[in-house]
Each structure stands twice: as C-alpha cells, then as structure tokens.
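[1] Curious how this folds, go ahead:
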Amino acid sequence: MEDINMADLTQSSSPQLKADIKPPRPASVENSLIQNILLITRDGQYLGTNGPAAAIAFSGNGAVGELFDLDSVTHPFFERLLMPADQLGKSVVRNPAGKWINRFGRPDQTDVVAYLGECWIRLQQEKLRSPAEDPVLLGRIEGLILENLQLGFQVPDLFAPQSFPTQLVGFYFTTKDQHGEHLTTLIHKLFTHPSSCDFNLPDASSAILTILRDKAKTITLMNMMVYKAAEAYTIDLYGVSLCLFEAVVHFVSTFSTNPITAKLLMDFCTPRNPRDTIGCEQSLLGLLLRLSCLPEHNDVPPEFFESKAAGIGASEIASTEKFVWSNTERAIDAVFGVVNNIVRQSAELREAFLLWVGNCLSANFARAKMWQPNLQFQVSLCSDGFMMNLSAVLLRLCRPFMNPAANPKILKIHPLFAASRKYLRQMAEETTLLPKEEKVPLLNPPADFNFITTCFFLCHESIRLGWGVVWDRFGKLNKHLGELEGRLELARETNNQEERHEIEQFMIKAASRHLSMKAALTLPQNLELMIELSVCTATWLSQMAVQPSITTADLPSAYLPLFPTDLSVPVPVHLAYIPELLLENILEVLHLHHRLPSTTGVTGNWSWQYEWMVELMNVVLVYMPSPARMRNPHLRGKMAMMMHNVRNIDRRTERQGGRQTDGLKIRQIVSQTDRHNFFENRIIMRRYIYPADDAA
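    Predicted structure coming up:
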C-alpha cells in the first residue's frame, strides 16, 4: 500500500505452518485483511487508499507502529464485541486517504450479531474480489467470526441484554435479498464449524427455529404476501420493507439445504409423542402447511367469500378464488421446496420425513370417520387446510413416477405395504380388494420399502383424510342447501316471515363456507396432480391383477398384457393386501371432475385425456367382469358410475366444437382390450358405454 513503508513493518508472529502449506504473508497483508473485514485498526492512518472509509481504533493496545496480525487481533476483536454503543461512536476513526473502498456495513454497528454478520459478508466479498488471496488467512478470519458467534449462543449472559437468536433472525430477514447466498453459507458454517466452546447445536438451532415458528403463527393466507416495514415484526435493523412469509420460508429453506441443519430442522418439527394429533400442524413446517382458505374448525367462520344479504357477485367470486388459488399454491410450493431439499440430503432424513408424515396421518385416522359436518373430536385433530396441503406436497413428491401413464417406476410399488404397519398403523385394518382366504397362509411384508412405495401410499391416505373428508362434507352441504331452498320457497308461499328470515340468514353464512370449500377442492394444479395420480394408480392396480403373486420383496420388472388369452390364470394372492381406498380415491376424484368440470383445467386437451382414459377404462375392464378380483358390490357400483363420469368428460368439449360422439371414442378404447364383447354382455354397464339416443 502506498502510505505504508514495508521495511518498517514487523514480521508476523503467526506460528510456523506445516511444510506443505506456504508460509504466511507479511504482517501488512494480515493487517489489511483485518481492517477491511473486521473494520478495526490500530490507527486511522493505516487504513490506506484501498481500505475502508472508517473503522474502530484500538491504538492503546499495541506498541507504536505495531499492526494487527491474526494472533494479536483476537483480544481487540472480542473487546469490540463487548464495547457499549456510546463508546463505539467515540472510537470511530475516519480514513484520511483521499479515496477508499466502500465496505458493506457500519463500523459502529451496535448489534453484535449484525456486526458479525456484516464481517462475514465482507469476508465473502473479499474472497470474490481477491481470489488469489491466501486461503489460510481468510480461513482463520472466518474461524474467528464463527467462534465468537457460537460463543454468543453458548454463553448468552456474556452479551446480555443482546439476544443472539433474535438478532440473527432479524439480520437474516433484512439482508437476505442482497446477500442471500452469503447468509446461507453463514448458517451452514455456524452449525458445522468445529467449536472451542462446546457449542450445543440442538439448543442453538431450537432458539432460532422457535422464533421462526412464532413468526409463522401470525401468517395467514390473507396476509402472507403483504409487505410491511421491518419494525412491524420487531426485528428492525435498517428499516427495510419485507414479506414475513417469504422471509420465514427463505430461512427454513436455508436449514433444509445442508445435511446437519436439515436434521436439526426435522428434529425440531417432530413431536415428542408420535401419537400427538396436532403436533405436526403446530410445528414450523405445519404452520406453513396450514395456510388455507378453509377455517381451522367448523365453528370458525371462513376468512374469504364474505357473505352479504344481497349475495356475492360472480366477478367477486372469481377474483377471490384466483387470489386463494395463487396464495395456496405459493404456500404449497414453498413447503414442497423445503421437503424436497430434506429428502435429498440423506437416507436418514428421507426416512425421518416419511415417519413424520406417517405418524401425523396415523394420529389423525379419526378424520376418516367424520360422517357429519360437526363432530366434537374434530377440534383435537389436524385442520382441513393442513391435511389438504400435506396431500398436495406428497402429490408433488409422487410426480416423478406419475408421468407418463405407463411409467416403469410404477411397478416398484409393493402391494404388501399396507400390512406392514410401519408408517400407517391403521392401514392394515382397511378393507382390501379381496378378503384373505383362511386356508392361505398370511404373507409377511418386507422389513423395508422403497421411497416410491411409501410415498404412494402416504399420498393416498392423506388424500382420503384431507381432500376426501372435505369433498364428502361439501356434498352434504350441497344437499342441505338444496333442502333449504325447498323450505325457503315453501315459507315464501305461506308467508312465514320468521322461518323465511331464519333460513335466509343460515344460507348467507353457508354460502361463504360453500365457496371456500369449493375453492380448496378445485385448486387447479393440485387437482390435475390428483388426476395424474388416479391414472397412475389405475395402471398399477390393473397390473397387480395380472402379475403373478408377489410374496417377497421381489417386484415385477415388466408390464404384462391385461387381457391374456389364457383365462385360467389364478388370481394373485397379493390382491387381498391392497386396500380399497386406492380405488375409492380414483372414483371420488373423477366424480369431482364430472361435477365441477370448469375448474379442473384439463377438459380441453383430448389427446392427454385419451391417454389417461385408456388406463381408467382398463382398470374397470380388468376388475368389473371378474368377481374373483372384486367382490364388494358397493365398489362395483361406484366403478359403474365412474364409467358414466368418464363417458361424459368429452361431451362438454363436444358442445363447443366438432361433433364426435362420446360413445364412439369410448368404444374405440374398449376395443383395444380384445375382450370388449365379454364386457359388453354386462347389462349394468351397457347404459354407460352405449347410451341410447344420448347424442341428441
């Protein structure tokens, strides 16, 4: 540097390095790095033209002309951390040089964590600015910053009343947009750097994540994308405006991208009692998953679609629905990003997440028994919004093996999963496609299952406990509203003003709940993924009906013809272990697709419909003609209704353009099986395949 005489500088007092590492630079290099990164100096005259604009002076701690090196800076740096605010202001010295380099942050930063964070960012900037700089020197400065940051977490009384967890969250929130990559590195290094103060990782991470969880409790679907001044969240450092939802998700995502911090995150989010019904929803991940237009409980009024005596206009309904869909999918995608990071870190973390989901679903098994809209025990179970969003995340995890329809990965799904009770404790009690024969020995499921199998069954169970419950309640509410309309018309005819007013008030309140449920059920991307899962499941069920019995961990390697010429092929034993809920989910999803076609977003693409209609028709053609494969008359009746729903899918498109009858298209699909004549003899199905005079 021009204003420093190199000959007058003392030699570095650093210890001798190993022979295979190059010797340390002269002390002036160390002093320059310390000044530029830590913003402390012996005297302002040493800052130089390439130094910072200002720094904190410690001239009384060294001899005249002595500069900082990495051995002598430890004590002054610690003194700087303990220095009170009024003394910091008095100790600032300006750079007397005519020009300098502006460095990030302020030398008189009073918040200790903010100062250490700014030092970290300046360190990373120095690495980028001078890539040829000695990595040993930069590594020692990095260690100095991390060790003092760890010390503040381990011995909080040392820096009282300053709170390191609160300050770190605040610094992260207000700096992430400009220096997100550097902050991510800081968080990872904080929990992976070797500590000299017995740094307790779980305690430190828990303190940070608890603050994030408390912040997440204040987020709703309505305010999640609102930007406010940082002081509104009591974490003001620079007076910036931020979105709390994005800030919390960004921090949680940072934890999820490192194996050590991801494990700390999963440990923090896992309830101590695996049978805790609402423990997962009240965790940090659960609070982000619960964001929905649905109220937490039935006795709580919905937040959206506020009912009015004059009714809700169509444009208002459309705009509110669009807002709900946009924010809900944003929340789901954010949590999916975190979950996807976690499961990719290690097999241990993947297992931890699957157990988290499995325990949550098992603890909330009572949701499947919600036959009525108001049940007292519902208050102690997870909310509808949480369960539906959880299924949406699992659907996204299933996406790699759901497309195309005949994906070879589908054959990796093991049919004996339900009997294992490993993740879903109650699934073994579910009704299966076939009853277990008394004379046939019970099959022993394998000890472990692959990720595809586990994710597939967890997804179906979450759909049943989430989407399925809301869909059933939505149908009951529709029926009840229809009955009320009849009563209201009668009250008007008889001029019964009291009953008329009572019914109208109830219908006004019910309209808000009805529209909220409809918006949640018809979330476009979620519903399309559910249709893809239905096609995937139909393909798998068809193959399970024709594959040889699977009694071990060995799975089929290739697809078999669904309609072999040899009709003496025995029914595989594993059908007695596949729960009926898989077929029921398919039927209910297609029922909604039939009832609310305008919201599914897939009715205009016939080429795509044709592909999945083939698979959906196949599963009916495989199971319906064979009592040996399906004996439940209730389920057989539902499959007949599915044929009706599938047949009507293209009729709506047909009315808008070219005239091609549904019956012809479906007959083309049926003819591919080479056994359509056998199937056509089933009188119950002929009305759905060949409806008489239905084209009119």
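
[2] tell me the SS of Arg272?
    Under DSSP: H, G, I helix; E, B strand; the rest coil, Arg272 falls in the coil class.

[3] Next, count neighbours for the residue nearest to it when sequence neighbours are not counted.
    Nearest-residue entry for Arg272: Gly279, 7.7 Å, with adjacent residues in sequence omitted and distances by CB to CB, 6 or more residues apart in numbering. All C-beta spots, glycine's among them, are computed from the backbone N, C-alpha and C. Neighbour count for Gly279, taken as other CB atoms under 10 Å: 20.

[4] Would you agree Gly279 is in contact with Cys269?
    No: counting by CB atoms under 8 Å, Gly279 sits too far from Cys269 to count as a contact (9.2 Å).

[5] How far off centre is the helix ranked longest in the chain?
    In the chain, taking DSSP state H as the definition, the longest helix is helix 314-345. Centre-to-centre, helix 314-345 and its host chain are 9 Å apart (CA atoms, centre = their mean, to the nearest Å).

[6] looking at this, Ser549 is in a helix?
    No: counting by three-state DSSP, Ser549 is located in no helix; its state is coil.

[7] Show me which positions of the longest helix of the chain end up buried.
    For helix 314-345, a neighbour-count test (16 or more other CB atoms under 10 Å) marks 317, 320-321, 323-325, 327-332, 334-339, 341-343, 345 as buried.

[8] Over to stretch 521-537?
    For stretch 521-537, by 16+ other CB under 10 Å, it's 521-523, 525-537.

[9] what's the answer for stretch 353-366, then?
    In stretch 353-366, counting by 16+ other CB under 10 Å, buried: 353-365.

[10] could you dump those to JSON lines with secondary structure and distance to Ala262?
    Formatted as JSON lines, the buried residues of stretch 353-366 follow (DSSP: H, G, I helix; E, B strand; the rest coil; distance: CB to CB, whole Å):
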{"residue": "Phe353", "secondary structure": "helix", "distance to Ala262": "9"}
{"residue": "Leu354", "secondary structure": "helix", "distance to Ala262": "14"}
{"residue": "Leu355", "secondary structure": "helix", "distance to Ala262": "15"}
{"residue": "Trp356", "secondary structure": "helix", "distance to Ala262": "12"}
{"residue": "Val357", "secondary structure": "helix", "distance to Ala262": "16"}
{"residue": "Gly358", "secondary structure": "helix", "distance to Ala262": "19"}
{"residue": "Asn359", "secondary structure": "helix", "distance to Ala262": "18"}
{"residue": "Cys360", "secondary structure": "helix", "distance to Ala262": "18"}
{"residue": "Leu361", "secondary structure": "helix", "distance to Ala262": "22"}
{"residue": "Ser362", "secondary structure": "helix", "distance to Ala262": "23"}
{"residue": "Ala363", "secondary structure": "helix", "distance to Ala262": "23"}
{"residue": "Asn364", "secondary structure": "coil", "distance to Ala262": "25"}
{"residue": "Phe365", "secondary structure": "helix", "distance to Ala262": "28"}
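
[11] between those, which is nearest Arg631?
    Phe365 (24.9 Å; CB to CB).

[12] follow-up on the earlier one: what about the buried residues of stretch 521-537, which are in helices?
    521, 525-537.

[13] quick one: which of these is nearest Phe305?
    The nearest member of those to Phe305, counting by CB to CB, is Leu521 at 13.6 Å.

[14] From Arg513, how far out is the closest one?
    12 Å (CB to CB, to the nearest Å).

[15] And for Phe386?
    As judged by CB to CB, Phe386 and Arg513 stand 18 Å apart.

[16] For those two, indicate the residue with more neighbours.
    Phe386 (26 against 20).
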